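S.K.: No sequence on hand, only this structure:
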């Protein structure tokens, strides 16, 4: 995960650029990925921003000029590649970046759910993407399960074991991320086995900062009050001694 970007044989000045794709009418990504700021949480967790691609809604193709067969995953993670080049090309070119993405995830919507389970699964395997995950906020009414993952074995996807760890809380383990993607009461979470805790969402980070600031303020007020009380007692003691 900390490897350096591959040296490319393609001249950066002649890189092909992906065409602009029309915006999709699927708001699931915004609700379940952008809103909680999962991309930012993963970027902070992995670091190596220059050589780690963690992006949403970026097209994936063998080459930018591929006439058909592109896919636009809700979340894409790739290690050891040139992030700036992916942004410059307006997409993820497997040829130009030297390898397929390591991880992709799709969030179920009523319009795309069937394709997530069938067509995209076939295409992501053909691209050579090691892991393909699916998250269904409805608990399996759109996809075949609340959360599911596939690992590429001999060019074929094999299901990853999903474990129920509590009421309305399921998780599996991603080998490429070394994290557990979780379905937690209809929300997508990431559990870090090494740390023994979930990666914190943007809201949790903000609430944590507010709570810490509130505690600091309360402690400061209590300290000032205590110091004031001590001064009052010292003044009273002096008055008694003088009297």
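M.R.: Cool, got the structure. This one's a predicted model, so the numbers in the text were calculated from it and none came from an experiment. Residues are numbered from 1 along each chain as shown.
S.K.: which residues does residue 75 bridge with?
M.R.: residue 105 (DSSP bridges).
S.K.: contacting residues for it?
M.R.: 29, 33, 38-39, 54-56, 103-105 (C-beta atoms under 8 Å, 6 or more residues apart in numbering). Bear in mind the C-beta positions are built from the backbone N, C-alpha and C, glycine included.
S.K.: CSV please, covering those and showing neighbour count, distance to residue 133 and pLDDT.
M.R.: Shown next, in CSV, are the contacts of residue 75 (neighbours: other C-beta atoms under 10 Å; distance: C-beta to C-beta, whole Å; pLDDT from 0 to 100):
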residue, neighbour count, distance to residue 133, pLDDT
29, 20, 14, 65
33, 19, 12, 79
38, 22, 12, 85
39, 17, 15, 87
54, 22, 14, 94
55, 18, 15, 92
56, 17, 14, 89
103, 24, 7, 98
104, 25, 7, 98
105, 25, 4, 96
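S.K.: Give me the subset of these lying in strands.
M.R.: By the criterion of DSSP state E, membership of these in strands covers 54-55, 103-105.
S.K.: Return the closest of those with respect to residue 138.
M.R.: residue 105 (16.1 Å; C-beta to C-beta).
S.K.: Pull the residues that contact stretch 187-203.
M.R.: Residues from elsewhere that reach stretch 187-203 (C-beta under 8 Å, 6+ apart): 32-33, 36-38, 40-42, 45, 107, 135, 137, 147, 171, 173, 177-183, 208.
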